[in-house]
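*Asks:* The sequence and its predicted three-dimensional model are supplied below.
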Amino acid sequence: MSDFSEALRERPLVGDGAMGTMLHAAGNSLDRALPELNLSKPDAVSTVHDSYIDAGVDLILTNTFGAGRLRLAEHGYAGDVAAINHAGVQLARRAAAAVDRRIFVGGSVAPAVSASQRSWVSAEQRSAAMREQIVALSESDVDLLVFETFGYLDELIEAIRIATELTDLPVLAQATFTADGRTPGGETTHEVATALAGLPVAVIGANCTVGPQRMLGVVEELRQATSLPISAQPNAGLPRRIGGRRFEYNIDHEYLVRYALRCVDAGASIIGGCCGTTPAQLRKVVAAVSERPGRPAPTVRPRPAVPDLFAQQLSRGFVVAAEIAPPIGGTTQEATELAGQLRSAGADLVLVAAPRDPRAHLAPTSLALHLQQEIGLETITTVTTWDKTIMSLQADLLGAHAFGTRTVVCETGNPPLRGEYPNADGIWEVDSVGLIGLMAELNTGRDCNGLSMATKTSFKIGARCNPGAEDLEAEIARTRAKIAAGAQFLITRPVYELEGLRRMRRELADDGIPVFLTVAPLGGYAEAEYLAYEVPDVTIPPKTLSDLEAAGPHDRETAAGLAGDLLNEAKSLADGVVVVIGGDHEIWRGLLTTAGRQRP
């Protein structure tokens, strides 16, 4: 255990306050690269460190926030990354060594670029910039690495990964949360804590953006989600402009101290300050916190996680799914027994399709939830937009999510014919593209009207595509629209020849989206003829028709062999297969076995 981790067990530690706004108050513009002052004005930086140490803090951070290559390049210092970071550590270390008590020196690392620049700076560039700075700090005698003000969870996780790869130094990982309790990237405190819980970090916490009162709420929420030590560094409230490009903070000292103590009482092991906080304020915090003893972190009861076997299977390679229709009537016994047989035959999961006729079918989502809860089988449910308002779709989706539905295939759907004309009744407020967009918004924590919700959903969003479409170019364009709306994987309509899928995969190669091939064994020549001549956008090769006709009406092996041939070619074209389950158990068992051989 490091000295830093041991100190956390003894008592709450007090970190320093603002560096940037202290340098600004001394006359340095915030438009310049403040870390460069480590080289050009080292005395100014040392004065800030000395002031915080004199106030009694236990932890000071190096003046290296923003000292990565990409941020320094904006000011012409891209070639000075190592020198600026090394100088920053030496200034902090010298200040810490000047007193006869232990002062920990944390190497400050900011996100590689500002939030506004993320869209045009690649993840690889950001990662390389953080790596370069972390190397410079870890080679310069810091006690720990402090990741500050990370607004996007993916970048914070990447920073932790790099640090773990390069060094054994303790890591203090701090996200920043807005007034609604989410990061700028949309993650909740619970999501951040859960994501970091399994990573090698010594402390998790929050800094910047909000003041003391809202920071207390963040600490309370983090404590409910993790047993790791927690840090809190709030801003000194909101600033006020005092003319030109200068501003100041004017928070009441006693108010700041009061909330600092509340944060400690709520479970914070480190309390400090961020923008606008001063040595004078931290002196009062030190005096108050010194009376609070250390204590073990409380036991946390983790929230039950919804299984995501679909994502796990996809990450391992080839996924084998079975598609079933929802039963007629309100009983689930036969469907449950069938699902168990499918799992035994090799299916990784079951896709519940939408009803194709006007009879009284059980809702696909209800059956999918039942199978998950009763036999623990991962399911994909189908949601169609036919005859539903967007408000009812939203309500159904939120309800399904609350009970465990995560993976959904979005379809526009067709109204079953009940009279003389198709589409005689029913409504479509949105089609499948609109449904995908709705689910993508729910995943960001916004409803169909763009209003923030208390929680985000975590749907895996699927869409159908049809490689057998007569106008394949138009089908590819529509598939692209589905991907742009937020589709995360594609499932084909039943395919009877592979040329259309080959072209579709070539056209969509840049999107990098998983595609699952659906194979529906034909019942014989009569069914094949019907599909070829009466059902739009189904392509059945002439040879398939002639082979089935020659085989005769009672032959099963020919149809099964044709489906098996498709499955044997699937590995080179698809990320998984979906076998449509019919009445002949022997055929679908054989096809699932064939599909299973495609696994790595």
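*Replies:* Now that the structure is in, tell me what you want to look at.
*Asks:* per-residue confidence for E191?
*Replies:* Looking at E191, its pLDDT is 92.
*Asks:* Nearest residue to it in space, please, no chain neighbours.
*Replies:* Among residues not flanking E191 along the chain, L153 sits closest, at 7.1 Å (C-beta to C-beta, 6 or more residues apart in numbering). C-beta coordinates here come from the backbone N, C-alpha and C atoms, glycine included.
*Asks:* Can you name the residues that contact the one you found?
*Replies:* Neighbour list for L153: A175, T183, G185, E187, E191, V192, A195 [criterion: C-beta atoms under 8 Å, 6 or more residues apart in numbering].
*Asks:* go on, A96?
*Replies:* Residues near A96 by C-beta under 8 Å, 6+ apart: H49, I53, I60, I103, F104, V105.
*Asks:* so which strand or helix has the second one?
*Replies:* Of the helices and strands defined by DSSP states H and E, I53 is found in helix 42-55.
*Asks:* Please work out which residues outside the host helix or strand of L172 touch it.
*Replies:* Assigned by DSSP H and E, L172 belongs to strand 171-175. Outside strand 171-175, the residues that touch it by C-beta under 8 Å, 6+ apart are 106, 144-151, 153, 156, 159-160, 163-164, 183, 187, 192, 196, 199-207, 231, 233, 270.
*Asks:* Show me these that map onto helices.
*Replies:* Cross-referencing these against helices under DSSP state H gives L153, L156, A159, I160, A163, T164, V192, L196.
*Asks:* Confirm I461 sits in a helix?
*Replies:* No - per DSSP: H, G, I helix; E, B strand; the rest coil, I461 lies outside any helix segment and is strand.
*Asks:* Number the chain from 21, please
*Replies:* Shifting the count to begin at 21 puts that one at I481.
*Asks:* how far away is it from A501?
*Replies:* As judged by C-beta to C-beta, to the nearest Å, I481 and A501 stand 14 Å apart.
*Asks:* Compare the two and say which is more crowded by neighbours.
*Replies:* I481 (24 against 16; other C-beta atoms under 10 Å).
*Asks:* roughly how far is whichever strand or helix holds L417 from the heart of the chain?
*Replies:* Per DSSP H and E: L417 is located in helix 410-422. Its chain's C-alpha centre and that of helix 410-422 lie 21 Å apart, by C-alpha atoms, centre = their mean, to the nearest Å.
*Asks:* What of stretch 584-591?
*Replies:* Remark: stretch 584-591 is offset 33 Å from the chain centroid, using C-alpha atoms, centre = their mean.
*Asks:* Ok, stretch 492-504 next?
*Replies:* The chain centroid and the centroid of stretch 492-504 are separated by 25 Å under C-alpha atoms, centre = their mean.
*Asks:* cool, stretch 555-575 as well?
*Replies:* Using C-alpha atoms, centre = their mean, the offset of stretch 555-575 from its chain centre is 45 Å.
*Asks:* got a list of contacts for that stretch?
*Replies:* Here stretch 555-575 makes contact (C-beta under 8 Å, 6+ apart) with 486, 488-490, 495, 513-514, 516-517, 520, 542, 544-546, 548-549, 551-552, 577-579, 582.
*Asks:* Just the ones in helices from the residues you listed, please.
*Replies:* Mapping those onto helices (DSSP H) picks out E495, G520, Y545, A546, A548, E549, L551, A552, E577, T578, A579, L582.
*Asks:* and the two most separated of those?
*Replies:* Based on C-beta to C-beta, the longest span within the ones in helices among the contacts of stretch 555-575 runs between E495 and E577 and measures 32.3 Å.
*Asks:* which regions of the stretch 171-320 of the chain lie under the pLDDT threshold?
*Replies:* Segments of the stretch 171-320 of the chain classed as low confidence (criterion: pLDDT under 70) are 260-267, 312-320.
*Asks:* what does the helix or strand encompassing G237 rub up against?
*Replies:* Element membership for G237 (DSSP H and E) is helix 232-245. If you take C-beta under 8 Å, 6+ apart as the criterion, helix 232-245 is touched by 197, 199, 201, 208-210, 212-214, 217, 224-226, 230, 250, 252-254, 257, 271, 275-276, 278-280, 282-283, 286-288, 318, 320, 323.
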